[in-house]
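[1] sequence unknown, structure follows:
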C-alpha cells in the first residue's frame, strides 16, 4: 500500500512512518518545510528492521492552509493517514487561530483525497474530542466533547470540530472509509529530540520548574501503541467507520511526579499538590498554567475495549510509557551536557 502521511515531522507521525515502512508499505510524507526531510530520514533509519526499505520513503511539501500541491501529493497513493494538526503548549489569544487551521486543514486533506479517488483514510484525533462533557466515566468512543463546556479550551475545540467536520464530510461522501484514532497524553520513546510539545509535561516535571504540581489527571498511552493503531486500522476492514480510544490508563500529575521522583531521586522533582487558588494566581503570569485550571480535580478514565478487540492492541502500561519518555529526555540532557563539556 502507498500511503500519504501528513505532518511527518511530528512525534507520532515519525513513529507511524517507521512502522508503515517496517510493515511493507510505501510512505509519501508531507512536510511544511522540505528542509526537514533529512531530519525524518535520520530519525527513522536507525530503527528500521531492514535499512534498505528507507528508499520507500519520499516527501512532498504541503501546507494545511493552502491548496497548492495536494493533487500531486495524492497522485498514485492508496490511503491517507492524516496526523497534521496544531498542538500548542499554551492557548492562543484568538481561539480561531487554532481552530480554523485544524478544521480547514482536515477538510482540505479529505477533499483532496476524494478528488483523487483515495477512499481509505485514517485520521489522528484526540481524547480531548471526547472528554469535555459531563457523562459518567469511563468514557467511550460514543462520547463527544461539548465545545461550550468549561474544560473545552481552544485546543479541545480544534480537535473536536476537526473530527466532527471529518465525519460530516464522510456522511456526504460515503465512498470515503474513515477511521479516527483518539490518543490520550502520548508518552513513550521518541525517535529523535524533535518532539514538539508532546513530552513537554514530563520535561517540565523532571526540570523541577514548579514548586508544586496541579491535581489534574490524564489518560496516558505509549507512542508505539498509537502508531500500531494507525497501521493496523489501515488494513482492518472492521475498523472502517469507527473511532478508537488510545489510552492505557489514567495518571494524575502528583502520581507522575511521585513515580519520577522514586525513579530519579537525584532530580529536584516537586511532588506537593498545588492548591487551586495558588494556580489561579500563578496563571496570571504563566499562560501554560491557565490552560489546566478547568481540569483541576478531574481524573478522566477511558474504555479502550474497542482498540483491544478490533485492532488487537495490548497496551503498554502508563507507567512504562512515562519511564520511556523520561529516559529519552534525560538522555538528551546528557548529550547536550557532553557536547558542552
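    Sure, I can see it. Because the structure is a prediction, the values reported are computed rather than measured.

[2] what's the average pLDDT for the longest helix seen in the chain?
    As assigned by DSSP state H, the longest helix anywhere in the chain is helix 318-340. Here helix 318-340 scores 85 as its mean pLDDT.

[3] same for that helix, what does it pack against?
    strand 185-187, helix 200-206, strand 217-222, strand 249-252, helix 253-263 (3 or more Cβ pairs under 8 Å, 6 or more residues apart in numbering; DSSP states H and E). No exception for glycine: its C-beta is placed from N, CA and C like everyone else's.

[4] next SSE after the longest one?
    What it means is helix 253-263. helix 276-283 (DSSP states H and E).

[5] neighbouring contacts of that next one?
    212, 214, 215, 274, 289, 290, 292, 293, 296, 297 (Cβ atoms under 8 Å, 6 or more residues apart in numbering).

[6] Near the nearest residue to residue 137 once chain neighbours are set aside, how many residues? Count them for me, please.
    Leaving out its chain neighbours, the residue that sits closest to residue 137 by Cβ to Cβ, 6 or more residues apart in numbering is residue 301, at 4.6 Å. For residue 301, the neighbour count with other Cβ atoms under 10 Å is 14.

[7] Could you do residue 208 as well?
    12.

[8] Please report the distance of it from residue 132.
    Applying Cβ to Cβ, to the nearest Å, the value for residue 208 to residue 132 is 30 Å.

[9] now for the helices and strands packed on helix 318-340, which one comes closest to residue 236?
    Checking the helices and strands packed on helix 318-340 against residue 236 by Cβ to Cβ gives strand 217-222 as the closest, at 18.5 Å.

[10] quick one: the closest one to chain centroid distance?
    11 Å (Cα atoms, centre = their mean, to the nearest Å).

[11] same deal with stretch 155-167?
    14 Å.

[12] on that earlier part again, if you average pLDDT over each of the helices and strands packed on helix 318-340, which is lowest?
    helix 200-206 (a mean of 92).

[13] elements contacting it?
    Partner elements for helix 200-206 (3+ Cβ pairs under 8 Å, 6+ apart): helix 253-263, helix 318-340.

[14] Please spell out which residues along the helix or strand of the chain with the lowest mean pLDDT are buried.
    Within the chain, no helix or strand scores below helix 287-290, which has a mean of 74 by mean pLDDT, DSSP states H and E. The neighbour-count check on helix 287-290 (16 or more other Cβ atoms under 10 Å) flags 288, 289, 290 as buried.

[15] Residue 174 - how many residues pack around it?
    The number of residues near residue 174, taken as other Cβ under 10 Å, comes to 9.

[16] If you could redo that for residue 251, that was the one I meant.
    Residues near residue 251, counting by other Cβ under 10 Å: 22.

[17] separation between it and residue 133?
    From residue 251 to residue 133 the distance is 21 Å (Cβ to Cβ).

[18] and residue 262, how many neighbours?
    Residues near residue 262, counting by other Cβ under 10 Å: 10.

[19] just to revisit the earlier point, following the least confident helix or strand of the chain, which helix or strand comes up?
    With DSSP H and E, the next secondary element past helix 287-290 is helix 305-310.

[20] So which bits of stretch 268-286 are buried?
    269, 270, 271, 273, 274, 279, 282.

[21] ok, the first one touching residue 210?
    No - using Cβ atoms under 8 Å, residue 269 is not in contact with residue 210; the gap is 9.8 Å.

[22] so how many other residues sit close to residue 13?
    24.

[23] Check which helices and strands the least confident helix or strand of the chain sits against.
    So helix 287-290, by 3+ Cβ pairs under 8 Å, 6+ apart, packs with helix 276-283.

[24] would CSV of the helices and strands packed on helix 200-206 with distance to residue 55 be doable?
    Below are the helices and strands packed on helix 200-206 laid out as CSV (distance: least, Cβ to Cβ, whole Å):
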stretch, distance to residue 55
helix 253-263, 40
helix 318-340, 28
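
[25] Which stretch among those is buried most, on average?
    helix 253-263 (a mean of 19; mean count of other Cβ atoms under 10 Å).

[26] chain center to that helix, what's the gap?
    22 Å.

[27] Which residues does stretch 250-265 contact?
    201-202, 205-206, 213-220, 267, 269-271, 273, 299-302, 318-319, 322-323, 326, 330.
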